[in-house]
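Enquirer: Got a predicted structure plus its sequence, pasted below:
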Amino acid sequence: MSKKRPQDFPEWASRLVQNEINKEYNKYKPPLAKKKNGWEVGEVPPRQWVNYQADLTNSWLEYLDAQKHKASIYTNREELPAAAISKGLIAYIEDIDVLAFSNGNTWNKITTEEL
């Protein structure tokens with residue numbers, strides 16, 4: 001059984017807010033070393049790092065959701081990915097001004113009539 005798509009995104013800490021008492025912001029990016037290594041045993045991450053991660057995750061989900069129905073754009077046919085791994089994808093090929101789709105075996109031109 002497939003699940004329904006949630007109506008809301010996991011928006012969290014989407015605004016940058018400064019605390020009036022200690023003047024700290026509610027989120028900031030962790031250092032690169034921490035992002036590469038992750039948390040140590042028993043370590044409690046600062047709230048600002050957790051807020052940053054939650055906001056970044058939400059931003060990516062919103063971006064990917066907005067892109068899901070857009071055709072990928074390629075300069076020419078040679079740039080198209082293999083049809084076998086692209087089944088169901090739609091692509092716009094700039095140099096020949098064509099929309100194409102992959103059926104899993106080949107890329108096929110989408111033909112249309114002018115409205």
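Expert: All right, it came through fine.
Enquirer: Now do the end-to-end distance for stretch 39-58.
Expert: When the termini of stretch 39-58 are compared using CA to CA, to the nearest Å, they are 21 Å apart.
Enquirer: repeat for stretch 3-15
Expert: 30 Å.
Enquirer: Next: stretch 16-25.
Expert: End-to-end distance of stretch 16-25: 7 Å, with CA to CA as the criterion.
Enquirer: Name the residues that touch it?
Expert: The contact list for stretch 16-25 (CB atoms under 8 Å, 6 or more residues apart in numbering) reads Asn26, Lys27, Gln48. Where you see a C-beta, it was placed from the backbone N, CA and C, and this is true even at glycine.
Enquirer: Check stretch 49-68 too.
Expert: In this structure, residues lying in contact with stretch 49-68 by CB under 8 Å, 6+ apart are Phe9, Pro10, Glu11, Trp12, Ala13, Ser14, Asn26, Lys27, Tyr28, Lys29, Pro30, Lys34.
Enquirer: check contacts around the second one.
Expert: Pro10 makes contact with Ala54, Thr57, Asn58, Leu61 under the criterion CB under 8 Å, 6+ apart.
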